[in-house]
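> A predicted structure for the sequence below; I have some questions about it.
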2 protein chains.
Amino acid sequence: MPSKVRSVDGRVIGSRAQATRRRLLDATEKLLTEQGVFDLRVVDITREVGTSAATFYQYFNDADAAILALAEEALEDERPLVEHLHPSWTPEDAHIRAAAFVDAYLSYWDEHAAVLRIRNVKAEEGDREFRAVRSQANLLVIDGFQTMIADGIATGRLPRTLDPFTTGAALVAMIERLLGFQNEMSKRGSSRDSIRDTLVTLLSRTIVGG
Amino acid sequence: MPSKVRSVDGRVIGSRAQATRRRLLDATEKLLTEQGVFDLRVVDITREVGTSAATFYQYFNDADAAILALAEEALEDERPLVEHLHPSWTPEDAHIRAAAFVDAYLSYWDEHAAVLRIRNVKAEEGDREFRAVRSQANLLVIDGFQTMIADGIATGRLPRTLDPFTTGAALVAMIERLLGFQNEMSKRGSSRDSIRDTLVTLLSRTIVGG
DNA sequence: CGCCGATCTGACTGGCCGTCAGATTCTCCG
DNA sequence: CGGAGAATCTGACGGCCAGTCAGATCGGCG
């Protein structure tokens, strides 16, 4: 899928270099997951891989560039998810369909949590490239919702006051953010299952009316 | 409100020191807003104030400590917001009440955006203290919603499948996250007003049924 | 005016960033 | 199979920032 992976100076790289680059990416993701962005040091990444900092800078301009590459990989993994979303949901099966989508999204998020979280902060802090990946990712899902909601409005199941695009965005927002609350809420009697079920209900209610 | 402000070594500090500490906090917030967390240097903070790094470390153990103090101040500003939330909303006035709340929340968020954003990331990355402030802030609002939703379920306007606490959390999640989407979505025809209106509609629908 | 505690700061150590010149490893031709 | 040349890797370095400490400065009070 990556057209041609290149080193910082623009050269197309061979297989040994590809492997090194991959190991650097994997190490980056591992450290991000274990310790978070703020403690991420490129020295640590290279130590993890058993190489030197200079090598890292041959493939990435800085730590952000590596994270961005990971975020782009995550974007690819997100594409299959939207297959769940099309206007064929009926009031009868909406709950089941919504559940399937939420479960898929949940495991997608679990897999890429650290990277997605950082992608979002960087995007919110104004980084152009991170904004672009996040936009693409969100639009994938928002567009799916939007179509369904527009359909609901057309058939009179949903009020005209809902703007399909913005409502789709609101749903994505809710899903994404709620996942971040998980650990915290579990201390307050809101289990992961309860989160999942609530999400499913809110989703199907908002999309087919209820 | 701060019982007694102290320096790092635990000493209660006088008015000159208080003023210095305040200027450091203000500069921190300013820089956070202008450039984001990742570029925040304590050297810059002290330069902004016209003092030395050593002075900064007299009042805060590190940059995080200053941000945490700001987050605690933001928490205090959030308390008045929940007065909007009590079970007296009726299907007739829910839209207006929801609008008042959303507007208040919007301007609260505008005022503290940078700090709140960072509070959330640090919390999600597992920092205990940031988790605590975020928890308190969220719980304030969630509890408000929870009561109203429980009421809606009791009177049969809302389905029993909704868990009041988790649903409240979902609403908070949606509001918070959607604000982060603002700039990005405005490029896609979703104006700030449209966001506000959608938020209001979803809120009143979810709380009093619809 | 001079003292004393409160507050501030210059100067330093240590660690990480990012670069570059040169060492090492691989490829493939002769 | 040997070795030249390209691809890849790395040691070593200058610069910047975090965090500390001993000592300088300030401000109020007798």
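Received the coordinates, thanks. The model shown is predicted, which means the values in this text are computed figures rather than measured ones.

> Could you list every helix and strand in contact with the helix or strand of chain A with the lowest mean pLDDT?
Least confident helix or strand, chain A: helix A:164-186 with a mean of 86, by mean pLDDT, DSSP states H and E. Judged by 3 or more Cβ pairs under 8 Å, 6 or more residues apart in numbering or on different chains; DSSP states H and E, helix A:164-186 is in contact with helix A:94-124, helix A:128-154, helix A:192-208, helix B:94-124, helix B:128-154, helix B:164-186, helix B:192-208. All C-beta atoms are positioned from the backbone trio N, CA, C, and that covers glycine.

> got the angle between that helix and helix B:192-208?
Inter-element angle recorded for helix A:164-186 and helix B:192-208: 50 degrees (by axes from the mean of the first three to the mean of the last three Cα atoms, to 10 degrees).

> could the helices and strands packed on helix A:164-186 be laid out in CSV, adding mean neighbour count?
What follows is these, written out as CSV (neighbours: other Cβ atoms under 10 Å in any protein chain shown):
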stretch, mean neighbour count
helix A:94-124, 19
helix A:128-154, 19
helix A:192-208, 21
helix B:94-124, 19
helix B:128-154, 19
helix B:164-186, 23
helix B:192-208, 21
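
> Just put those in a markdown table and tack on distance to B:Ala69.
Shown next, in a markdown table, are the helices and strands packed on helix A:164-186 (distance: least, Cβ to Cβ, whole Å):
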| stretch | distance to B:Ala69 |
| --- | --- |
| helix A:94-124 | 20 |
| helix A:128-154 | 28 |
| helix A:192-208 | 31 |
| helix B:94-124 | 10 |
| helix B:128-154 | 10 |
| helix B:164-186 | 21 |
| helix B:192-208 | 30 |
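
> Low-confidence ranges, chain A, go.
For chain A, the stretches with pLDDT under 70 are A:1-3, A:183, A:186-190, A:210.

> So the residue lying farthest from the centre of it, which state does it fall into?
Centroid-distance maximum for chain A: A:Gly156 at 32.2 Å, with Cα atoms, centre = their mean. Recorded secondary structure, A:Gly156: coil (DSSP: H, G, I helix; E, B strand; the rest coil).

> I'd like the distance between A:Leu158 and B:Pro159.
17 Å (Cβ to Cβ, to the nearest Å).

> who's more crowded, those two?
A:Leu158 (24 against 12; other Cβ atoms under 10 Å in any protein chain shown).

> Pull the contacting residues for the residue nearest to the spatial centre of chain A.
Nearest residue to the geometric centre of chain A (Cα atoms, centre = their mean): A:Leu116, 4.9 Å. A:Leu116 makes contact with A:Ala71, A:Ala74, A:Trp109 under the criterion Cβ atoms under 8 Å, 6 or more residues apart in numbering or on different chains.

> so which residue of chain A comes closest to DNA strand C?
A:Ala54 (3.2 Å; Cβ to the nearest atom of the strand).

> In terms of helices and strands, where is that residue?
A:Ala54 is part of helix A:53-59, with elements assigned from DSSP states H and E.

> ok now whichever helix or strand comes after that helix, how far from the chain's centre?
Next in sequence after helix A:53-59, counting helices and strands by DSSP H and E, comes helix A:63-78. Centroid separation for helix A:63-78 versus its chain: 10 Å, with Cα atoms, centre = their mean, to the nearest Å.

> contacting residues around helix A:63-78?
Applying Cβ under 8 Å, 6+ apart, the contact partners of helix A:63-78 are A:1, A:24-25, A:28-29, A:32, A:37, A:40, A:42, A:45, A:56, A:59-60, A:108, A:111-112, A:115-116, A:118-119, A:122, A:127, A:129-130, A:133-134, A:136-137, A:140-141.

> Then stretch A:47-59?
With contact meaning Cβ under 8 Å, 6+ apart, stretch A:47-59 is reached by A:7-9, A:13, A:17, A:20-21, A:23-24, A:27, A:30-31, A:42-43, A:45-46, A:66.

> Go again with 10 Å.
For stretch A:47-59, the external contacting residues (Cβ atoms under 10 Å, 6 or more residues apart in numbering or on different chains) are A:5-9, A:11, A:13, A:17-18, A:20-28, A:30-31, A:41-43, A:45-46, A:62-63, A:65-66, A:69.

> now the end-to-end length of it.
16 Å (Cα to Cα, to the nearest Å).

> buried residues in it?
A:Val49, A:Thr51, A:Thr55, A:Phe56, A:Gln58, A:Tyr59 (16 or more other Cβ atoms under 10 Å in any protein chain shown).

> With stretch A:11-30 instead?
A:Ile13, A:Ala17, A:Thr20, A:Arg21, A:Arg23, A:Leu24, A:Leu25, A:Ala27, A:Thr28, A:Glu29.

> quick one: stretch A:67-83 near DNA strand C?
No. Shown here: stretch A:67-83 not in contact with DNA strand C (Cβ under 7 Å from any atom of the strand), separated by at least 12.1 Å.

> Need the CA coordinates for that stretch. PDB is fine.
This file holds the C-alpha atoms of stretch A:67-83, laid out as PDB (Å, rounded to 0.1, in the frame of the first residue of the first chain):
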ATOM      1  CA  ILE A  67       3.800   9.000  15.100                       C
ATOM      2  CA  LEU A  68       2.200  10.400  12.000                       C
ATOM      3  CA  ALA A  69       3.200   7.400  10.000                       C
ATOM      4  CA  LEU A  70       1.500   5.200  12.700                       C
ATOM      5  CA  ALA A  71      -1.600   7.300  12.500                       C
ATOM      6  CA  GLU A  72      -1.700   6.900   8.800                       C
ATOM      7  CA  GLU A  73      -1.500   3.100   9.200                       C
ATOM      8  CA  ALA A  74      -4.400   3.300  11.700                       C
ATOM      9  CA  LEU A  75      -6.400   5.200   9.200                       C
ATOM     10  CA  GLU A  76      -6.100   2.300   6.800                       C
ATOM     11  CA  ASP A  77      -7.400  -0.100   9.400                       C
ATOM     12  CA  GLU A  78     -10.400   2.100  10.000                       C
ATOM     13  CA  ARG A  79     -11.800   1.800   6.400                       C
ATOM     14  CA  PRO A  80     -13.400  -1.600   6.800                       C
ATOM     15  CA  LEU A  81     -15.500  -0.300   9.700                       C
ATOM     16  CA  VAL A  82     -17.700   1.900   7.600                       C
ATOM     17  CA  GLU A  83     -19.100  -1.000   5.800                       C
END
